[in-house]
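Peer 1: Pasting the sequence and the predicted coordinates here, then a few questions.
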Amino acid sequence: MSDFRDLEIWREAHKLTIEIYKLTEKLPRSELFVLTSQIRRAALSVESNIAEGEGRYHKADRIKFFVDSRASGKEVQTQLLVIKDLYKQLSRESETLFDRYEVLARRITSLINYRRTNN
């Protein structure tokens, strides 16, 4: 078991969480308790599940949290599409983050496959 902060994939997820926070600061206050809150929780879940999975002793437990992390990333992507469609001024930023989460999802899938066969 390593320190989750040593995982490049966790560091990328953390960077993306910070970017989500910055994006949501640009949303209207009317979204504070709906879209802002929801996408922030989902983004935090991506990196938190990677960290929690890395902290688990059994392979099956680790993989479960990595799978949950990937699913939370898809939740973030869905909410980014809502932001893109509702707030045109945030369209480009939302699309860029959507694409970065897609890359992260592929990397998490690779991590899952690696952990299934190695440790």
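Peer 2: The structure has been received and is ready for your questions.

Peer 1: ranges for the helices of this protein?
Peer 2: 8-24, 37-54, 59-86, 91-117 (DSSP state H).

Peer 1: possible to save those helices as CSV with mean neighbour count?
Peer 2: Quick note: C-beta positions are derived from backbone N, CA and C, even for glycine. Converted to CSV, these look like this (neighbours: other CB atoms under 10 Å):
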stretch, mean neighbour count
helix 8-24, 17
helix 37-54, 21
helix 59-86, 18
helix 91-117, 16
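
Peer 1: Kindly reformat the ones you listed as TSV containing distance to Ser2.
Peer 2: Shown next, in TSV, are the helices of the chain (distance: least, CB to CB, whole Å):
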stretch	distance to Ser2
helix 8-24	10
helix 37-54	7
helix 59-86	11
helix 91-117	12
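
Peer 1: any chance of these in CSV, with mean pLDDT too?
Peer 2: Formatted as CSV, these follow (pLDDT from 0 to 100):
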stretch, mean pLDDT
helix 8-24, 98
helix 37-54, 97
helix 59-86, 97
helix 91-117, 97
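
Peer 1: So for Ser30, which of the ones you listed sits nearest?
Peer 2: Across the helices of the chain, Ser30 has its closest neighbour in helix 59-86 (10.9 Å, CB to CB).

Peer 1: ok and that closest one relative to helix 8-24, angle-wise?
Peer 2: Relative orientation of helix 59-86 versus helix 8-24 (axes from the mean of the first three to the mean of the last three CA atoms, to 10 degrees): 30 degrees.
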